[in-house]
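Engineer: Dropping the sequence and predicted coords here.
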Amino acid sequence: MKVKLLAEAYDPWQEVTEYQQSLHSLKGKFGATAVFVGTMRDFNEGDDVNGMFLEHYPGMTEKELAKIADEALLQWPVLDYLIVHRVGEIYPNDSIVLTAVWTSHRGDAFDANRYIMEGLKSRAPFWKKELLKSGQQRWVEKNTDGYLPADST
Amino acid sequence: MSIKVRYFASLKEQLGREADELDAHTVSLVSDVWRAANPEVAMPDNVLAAIDMEYVALDTEVKDNVEVAFFPPVTGG
């Protein structure tokens, strides 16, 4: 069970591989791993985005992420989880967030991972400030519901 | 009563500072902390608050020697 905040770019697939390899006592026990990776786009709300600054609340951010994961543990038979999130300066194509859940069966893995990711989006104290191609800077005001809006192409 | 008040993200920029040390005697609720620290600024409607790094409602009672944080809606992930 691990929560990690990183100030440098990272490879999410390497994080999952290394973490899974470290789970010696779970070898042969897990049948499902659900992994979600969130990556920075180079566009948002119709504007070109060159970069982003991710602010957080040191201490509370880690605590809230662990709390969200603990809630998932109470609802699904989760064997282990890994949550990684970037802070600081981020650029398009960088991985922002990784959530991975190991369980015996797929339904629990998908559901618990979704719960953790939605909890992170709505409760974990992170704030994004976008640096637009135009030179303008703007704070992202709120997170969306996670689906492409029906009126966009 | 000694309270540390912290601000984050756009709220920090808007207020022009990241923290206050309050020595207030008229504070009982989280919303009073805002009023004591920012008498000239109305509290934003969508503000979120925490006491000692736990989310709280704005009408939560505040005890001595705690850290109260105010911040805008979160946008991580």
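Structural biologist: Structure received.
Engineer: neighbouring strands for the helix or strand of chain A with the lowest mean pLDDT, and are they parallel or not?
Structural biologist: Ranking every helix and strand in chain A by mean pLDDT, DSSP states H and E puts strand A:43-44 at the bottom, with a mean of 94. Sheet neighbours of strand A:43-44, with direction, are listed as strand A:47-56 (antiparallel) (DSSP bridges).
Engineer: Go ahead and confirm A:Gly130 touches A:Asp48.
Structural biologist: Quick fix: residue A:130 reads Glu, not Gly. No - here A:Glu130 lies out of contact with A:Asp48, judged by C-beta atoms under 8 Å, at a distance of 10.0 Å. (Each C-beta comes from the backbone N, C-alpha and C, glycine too.)
Engineer: Can you get me a residue count around the residue of chain A found nearest chain B?
Structural biologist: Ranked by C-beta to the nearest C-beta, the top residue of chain A for proximity to chain B is A:Phe126, at 2.6 Å. Using other C-beta atoms under 10 Å in any protein chain shown as the criterion, A:Phe126 is surrounded by 28 other residues.
Engineer: Give me the pLDDT for it.
Structural biologist: Predicted confidence (pLDDT) at A:Phe126: the value is 98.
Engineer: can you pull the contacts of it?
Structural biologist: Going by C-beta atoms under 8 Å, 6 or more residues apart in numbering or on different chains, A:Phe126 touches A:54-56, A:61, A:85, A:87, B:74-77.
Engineer: Now it: closest residue in space that isn't a chain neighbour?
Structural biologist: Counting by C-beta to C-beta, 6 or more residues apart in numbering or on different chains, A:Phe126 lies nearest to B:Gly76, which is 2.6 Å off, once chain neighbours are set aside.
Engineer: what does B:Pro73 give?
Structural biologist: Once its chain neighbours are removed from consideration, B:Pro73 has its nearest residue in A:Lys142; the separation is 4.7 Å (C-beta to C-beta, 6+ apart).
Engineer: That neighbour should be in a helix, yeah?
Structural biologist: No - membership of A:Lys142 in a helix is not supported by DSSP: H, G, I helix; E, B strand; the rest coil, which gives coil.
Engineer: distance of it from B:Arg35?
Structural biologist: A:Lys142 sits 25 Å away from B:Arg35 when distances are taken as C-beta to C-beta, to the nearest Å.
Engineer: the more surrounded of the two?
Structural biologist: Set side by side, A:Lys142 and B:Arg35 show unequal neighbour counts under other C-beta under 10 Å, the larger going to B:Arg35 at 15 against 12.
Engineer: circling back to that earlier point, show residues contacting the least confident helix or strand of chain A.
Structural biologist: For strand A:43-44, with C-beta under 8 Å, 6+ apart as the criterion, the contacting residues are A:49, A:130, A:140.
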